[in-house]
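> Sequence plus predicted model, see below.
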Amino acid sequence: MRVTIVVGLVTIFLVFCGYVVEGRDLWEEDLILETELKTINKPAVKTIETEYGEMYDCVDVYKQPSLDHPLLKDHVVQMRPSAALQKTLKASRMSYLSSVDYNPIKIGLEDGCPVGTVPIRRTTKGDLIRAKSSFTKHHFNDLAVDAGGGSYEYAGIVTKTGLGKAYHGAGARLDIYNPRAENEQLSAAIIMVLAGPLGKRGGIRTGWMVNPLLYGDSRTRFFTSWTQENNGRTSGCYDLTCPGFIQTSRFIPLGAPFSNVSQIGGVQYDASMLISKDPVSGDWWLMVLDDDKPIGYWPKTLFESLSRDADAALWAGLVYSGSSDSPPMGSGVYQGGSFDHTCYMAQVVVGKPGQATFNPPDDDEVVVQQSRCYHAGDNSYVDANWLYRFLFGGPGGSLESCK
């Protein structure tokens, strides 16, 4: 009896950390799901229902689910970035884009949660099952472009890898569209930082995503994910579907839908997003919108190589399909030079050790990546408003139609 209990506890711990454990029976799987749901759905000070029917529980910031992670038992919550990082953000702050028909983006909870609490999306058993399935199928940790279809493809720019490369962050202003994605497909625009070799690689991502398998709908949503590979297993998850990310914003929850999206040839909606290492704590902060609102952070103890620096950064459109028929990327069209028809990223910046501000990458520092139905281009520094920008996207389709 004692051996059975020990094995069960070890199994629960492995899945709790995001690991895939084979050979479970239905009863054991159900027990694990119920245990995880109790971890995610903490007692609420207040519950907010959105116009989309989603429920957000306002949870004590010091009792949020991520603090149950075994690596964060003694973690002290930081409510804001260090003064050093705030100084860097202030010095780097970008202006609104005047070159496009700009409209304020709408995201998050209008009145927010009470002070001292943070919004956690209420999770059902079905939500958790979908999140696990999506993470298993969809987590993206490789810079290789799949030109053959059947899995991931991306189009965008990536920093050149090499000995001595180090980055403390990456950011951009993302044009927000709502491309069609069905069943197990996804279509996204992402910013990613990575560190370590394959098999030991850690990664952090943010951006927008259409992912019916994960979210149960086809809305464009603000998303995050983190991963850490270790001996053939990958820990991590999307948003807050496992312990890891420390939420500090009481207004903008992870996974929140964007209320307005860009239209081809019409009004363009975009949002600034930034991942940055804090030079004091070493944790990785997430900031959004033009005043660099801190949403929260990934503690450095979740990672191996990424606990020090990132060695690569990527900005791209990303799609996944389990078949040779892929969904649209970005706006679903690619017209070179047309920033009101083709999805863009502007104000692309990177942070490097020893630099006081985030700066645009040099042309010889990045490589344009494209695959099959999807293109990227018009990448260059433009002016003090757009900074570095590029276009990406395409219609998707079958492998044969894209040849």
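Happy to help now that I have it.
> what's the helix or strand for the closest residue to F390 other than its chain neighbours?
Leaving aside its sequence neighbours, F390 sits nearest to N379 (C-beta to C-beta, 6 or more residues apart in numbering; 3.6 Å). C-beta here means a position set from N, CA and C on the backbone, and glycine is covered the same way. If you go by DSSP states H and E, N379 is part of strand 375-381.
> partners of the closest residue to R122 other than its chain neighbours in the sheet?
Computed as C-beta to C-beta, 6+ apart, the closest residue to R122 that is not its neighbour in sequence is M55, at 4.1 Å. Legend: beta-bridge partners of M55 under DSSP bridges are E49.
> now the one 4 residues further on
With beta bridges defined as DSSP bridges, V59 has these partners: V118.
> ok, back up a step: in contact with the residue nearest to F390, which residues?
Counting by C-beta atoms under 8 Å, 6 or more residues apart in numbering, N379 makes contact with I157, D363, V366, V368, Y388, R389, F390, L391.
> Likewise for R219?
Taking C-beta under 8 Å, 6+ apart as the test, what R219 contacts is Y52, N178, V210, P257, F258.
> Ok, G126 next?
By C-beta under 8 Å, 6+ apart, the residues touching G126 are G216.
> show me where pLDDT drops low in the protein?
Scanning the chain with the threshold set as pLDDT under 70 gives 1-27, 94-103, 138-150, 163, 399, 403.
> Does the strand or helix carrying E29 pack against any helices or strands, and if so which?
E29 is part of helix 26-40 when elements are defined by DSSP H and E. When contacts are defined as 3 or more C-beta pairs under 8 Å, 6 or more residues apart in numbering; DSSP states H and E, helix 26-40 sits against helix 2-16, helix 125-138.
> got the CA positions of it in CSV?
Extracted in CSV, the C-alpha atoms of helix 26-40 (Å, rounded to 0.1, in the frame of the first residue of the first chain):
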residue,chain,number,x,y,z
LEU,A,26,-8.6,6.7,-16.3
TRP,A,27,-9.0,6.9,-12.6
GLU,A,28,-5.5,8.0,-12.0
GLU,A,29,-5.8,10.6,-14.8
ASP,A,30,-9.0,12.0,-13.3
LEU,A,31,-7.4,12.2,-9.8
ILE,A,32,-4.5,14.2,-11.3
LEU,A,33,-6.8,16.6,-13.1
GLU,A,34,-8.8,17.2,-9.9
THR,A,35,-5.6,17.9,-8.0
GLU,A,36,-4.4,20.3,-10.6
LEU,A,37,-7.8,22.1,-10.7
LYS,A,38,-7.6,22.7,-7.0
THR,A,39,-4.2,24.2,-7.5
ILE,A,40,-5.4,26.5,-10.3
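> How far off centre is it?
Helix 26-40 sits 25 Å away from the centroid of its parent chain (C-alpha atoms, centre = their mean, to the nearest Å).
> So for that helix, what gets flagged as buried?
Within helix 26-40, the residues that count as buried by 16 or more other C-beta atoms under 10 Å are E28, I32, L33, E36, T39, I40.
> ok, which pair from those is furthest apart?
Distances among the buried residues of helix 26-40 were taken as C-beta to C-beta; the most separated pair is E28 and I40, at 18.9 Å.
> contacting residues for the nearest residue to L274 once chain neighbours are set aside?
Nearest residue to L274, sequence neighbours excluded (C-beta to C-beta, 6+ apart): G171, at 3.3 Å. Applying C-beta under 8 Å, 6+ apart, one finds that G171 lies in contact with I191, S272, M273, L274, I275, S276, M287, Q347, V348, V349, V350, F358.
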